[in-house]
Each structure stands twice: as C-alpha cells, then as structure tokens.
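Undergrad: A structural model of the following input is requested.
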Amino acid sequence: MSVLAEFAMFPTDKGESVSGHVSQIIKMIDDSGINYRLTPMGTIIEADTMEEILAIISKAYKILEHDCNRVYSNIKLDIRKGSESRIESKVKSVEKKIGEVKK
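TA: The predicted structure is shown next:
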C-alpha cells in the first residue's frame, strides 16, 4: 500500500516569515528517512501505512506547539493499495502523457 500526503503546517502568530519554523519540520521529516518532496506550498510525504503518515504529521505539530499559540495545517491524502514509490511514478506518468500529446 502507498499513502501519499501533501500537507502544510506553520504558525500563524509568528509574523510574515515562518521558514525557520517550517525548516524544523522538514529536518524531522528528513531525519525520519521517509520519502518526501518539499514544494513551495507544502510537503509531500509517502509511507506504507496511514499510521506512519499520521505519526509524521503529529510530530510536526509537536515541533510547533511549544512555541506557537496558533498553528495552521492543510492535509490531503491519497491512499492506494498495491502501489509504491508514487511520488516519482505519478509525475513520470503525467510527463509521459504530455510527450504523447505533443506528437
């Protein structure tokens, strides 16, 4: 099974730039060894189970909760049985089809 989650999480009470807070979350994700992609609007993570995904999101909140009075989060999930490595394969599939359309 493959569980993809795209999420954004940041404090809303720390001013205009919150990259310092977000970088702490990304460091935790990187240290976890989970497959991820950082984007300008959020982070995509992939794991084998929903529990793994929710644990990462929970850890992200715990990083912020001690220093932040208000935290915003947006979470999208895509759960598919019988698949893996979809962070790469979904993009490659679309890129392949773009090439076919151009012909």
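Undergrad: make it CA atoms for all contacts and neighbour counts henceforth
TA: Fine.
Undergrad: now tell me what touches the helix or strand where Leu64 lies from outside.
TA: Using DSSP states H and E, Leu64 sits within helix 50-65. Under the contact criterion Cα atoms under 8 Å, 6 or more residues apart in numbering, helix 50-65 has outside partners 3-5, 9-11, 21, 24-25, 28-29, 45-47, 71.
Undergrad: in this structure, where is pLDDT below threshold?
TA: In the predicted model of the chain, residues 103 satisfy pLDDT under 70.
Undergrad: can you rerun that using 90?
TA: Within the chain, the stretches with pLDDT under 90 are 82-86, 88-93, 99-103.
Undergrad: quick one, strands of it?
TA: With DSSP state E, the ranges of strands along the chain come out as 2-11, 35-39, 42-47, 71-80.
Undergrad: what is the third one packed up against?
TA: Right, strand 42-47. Contacts defined by 3 or more Cα pairs under 8 Å, 6 or more residues apart in numbering; DSSP states H and E place strand 42-47 against strand 2-11, strand 35-39, helix 50-65, helix 86-102.
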